[in-house]
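**Q** Build me a model from this:
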Amino acid sequence: MNIIIYHNPLCSKSRKTLEIIKKNGIEPKVIEYLNKPPDAVTIEHLASLLELTVFDLLRKSETEFTTANDLPSLHDNAALAKWIREHPKVLQRPIVVDDDRNLAVIGRPPENVLELIKNEL
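**A** Numbering: from 1, shown residues only. I've put the predicted structure just below:
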């Protein structure tokens, strides 16, 4: 089992999601994406796994998004993924990926992760 969590330790939802994963006996690969942002290709891949557009991965209430003066077209997935790479704070969190099954969920609410890991237990 290869579970990856794109984690922000300052976010209560992210911490709770990680706790649920570990309580179920899984030791995920933790990527603190604010310190090590995923590249644009990975961001597009995450959107694809989630069956969303890159625009849907944005935290639209974040000040960094609402005050941005360098936003590309919100309909250009590739350009927007590159922009998110430069502004990782706006990335939805946490994103949990089952790399073996090419599945992913957003841990909002944190219990969403149970849908991903229940078949792994």
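**Q** for this protein, what's the longest helix?
**A** helix 12-23 (DSSP state H).
**Q** Tell me where this protein has strands.
**A** Using DSSP state E, the strands of the chain run over 3-7, 29-32, 95-98, 103-106.
**Q** and those strands, which is most packed in?
**A** Of the strands of the chain, the one with the most neighbours on average (mean count of other Cβ atoms under 10 Å) is strand 95-98, at a mean of 25. Where you see a C-beta, it was placed from the backbone N, CA and C, and this is true even at glycine.
**Q** Centre of the chain to it, how far?
**A** Chain-centre distance of strand 95-98: 7 Å, with Cα atoms, centre = their mean, to the nearest Å.
**Q** mind showing which ranges of this protein have poor pLDDT?
**A** Scanning the chain for pLDDT under 70 picks out the ranges 119-121.
**Q** which one in it is furthest away from the centre?
**A** Most distant residue from the mean C-alpha position of the chain: Asn69, 23.5 Å away (Cα atoms, centre = their mean).
**Q** and it, what is it in contact with?
**A** Counting by Cβ atoms under 8 Å, 6 or more residues apart in numbering, Asn69 touches no other residue.
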